[in-house]
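J.: All I have is the shape, not the residue letters:
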């Protein structure tokens with residue numbers, strides 16, 4: 001059983017011409033292809049989220065030097081640009097879908113750019129891409145009341161199950177935001193594991209519902225990418241992100257306290 005820290009890469013859009021809303025967190029197709037080639041050259045073995053969590057529950061072993069490739073939201077470029085590259089290398093990956101953003105009967109119109117449709121999601125699932133949940137409408141889950149939180153989690157799970165014929169086992173928190181209440185709700189909904197962001201390596205001691213990931217951006221050069229997948233200089237690379245995250249966490253907690261106080265007076 002491997003308990004060494006594992007790099008979990010968080011991608012969003014893979015696009016040649018992303019819009020302004022997704023540009024910073026998008027990756028050019030050529031950059032993605034170069035990054036996947038480097039994973040192969042370094043002798044790393046991509047696994048999916050369920051396999052990593054199962055290994056850390058002592059159910060199965062991982063290959064040497066595992067890495068996770070994950071995509072959030074459900075942008076069309078994951079099918080158009082990422083899938084052929086993943087298939088070429090035989091790499092496993094995980095896609096976390098916001099079900100209200102996927103084209104089709106459940107679409108709420110909230111998608112930030114061109115999104116996948118369900119037929120494309122099914123093709124991804126058939127090509128060794130684990131499909132996980134990412135809520136229904138992509139809200140900040142820790143800011144929702146209990147009823148709205150449960151609806152986001154359950155509706156997402158039910159839609160994925162209906163569309164794919166299998167229940168999603170893994171979840172990723174929109175924006176990476178969670179709380180003890182949110183993590184408990186995710187567990188109670190039936191997800192077996194969940195990914196945050198944190199911009200650190202995933203470790204067994206984080207627990208199955210707070211596994212950390214590192215962000216891959218359009219500005220991520222190939223030398224920085226090599227450091228990420230080898231677990232080097234992570235703290236220095238994301239020092240600015242962590243400072244912003246801590247500051248915003250204080251703001252979100254203050255908002256939660258105010259909302260609770262208002263509800264108690266009603």
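T.: All right, it came through fine. The shown structure was predicted, so the numbers you read here are calculated from the model rather than taken from an experiment. Residues are numbered from 1 along each chain as shown.

J.: How are the helices of the stretch 1-150 of the chain distributed by residue range?
T.: 29-41, 49-56, 77, 83-89, 118-126, 146-164 (DSSP state H, counting those that start in this stretch).

J.: any idea which of the ones you listed scores lowest on pLDDT?
T.: Here the lowest mean pLDDT among these goes to helix 49-56, at a mean of 94.

J.: quick one, which of the helices of the stretch 1-150 of the chain is packed in tightest?
T.: helix 77 (a mean of 26; mean count of other Cβ atoms under 10 Å). Using the backbone N, CA and C atoms, a C-beta is placed for each residue, glycine as well.

J.: Figure out how far that helix is from the centre of its chain.
T.: Chain-centre distance of helix 77: 16 Å, with Cα atoms, centre = their mean, to the nearest Å.

J.: Contacts made by it with the rest, please.
T.: Residues outside helix 77 that contact it (Cβ atoms under 8 Å, 6 or more residues apart in numbering) are 13, 14, 15, 26, 29, 114.

J.: what about the protein, any weak spots by pLDDT?
T.: By pLDDT under 70, the weakly predicted segments of the chain are 1-2, 59, 240-266.

J.: related to what we said a few turns ago, show me the one of the helices of the stretch 1-150 of the chain that comes nearest residue 137.
T.: helix 146-164 (6.7 Å; Cβ to Cβ).

J.: centre of the chain versus the biggest strand by length in the chain, how much separation?
T.: The residue-count maximum for a strand in the chain (DSSP state E) belongs to strand 66-73. Relative to the centre of its chain, strand 66-73 is centred 6 Å away, using Cα atoms, centre = their mean.

J.: try stretch 31-39
T.: Mean C-alpha position of stretch 31-39 versus that of the full chain (Cα atoms, centre = their mean) differs by 19 Å.

J.: contacting residues for the residue lying closest to residue 172 once chain neighbours are set aside?
T.: The shortest distance from residue 172 to any non-neighbouring residue, by Cβ to Cβ, 6 or more residues apart in numbering, is to residue 96 (3.9 Å). Applying Cβ under 8 Å, 6+ apart, one finds that residue 96 lies in contact with 70, 71, 72, 73, 74, 132, 133, 134, 170, 171, 172, 195.

J.: again with residue 211
T.: So residue 211 contacts 8, 49, 52, 53, 193, 194, 195, 196, 202 (Cβ under 8 Å, 6+ apart).

J.: Touching, residue 204 and residue 3? I think so.
T.: Yes - with contact defined as Cβ atoms under 8 Å, residue 204 counts as touching residue 3 (4.8 Å).

J.: Residue 42: which of the contacts of residue 96 is nearest?
T.: Residue 42 has its nearest neighbour among the contacts of residue 96 in residue 70, at 18.2 Å by Cβ to Cβ.

J.: just to revisit the earlier point, what about residue 204 and residue 3, which has more around it?
T.: Shown here are residue 204 and residue 3; by other Cβ atoms under 10 Å, residue 204 has more neighbours (19 against 12).
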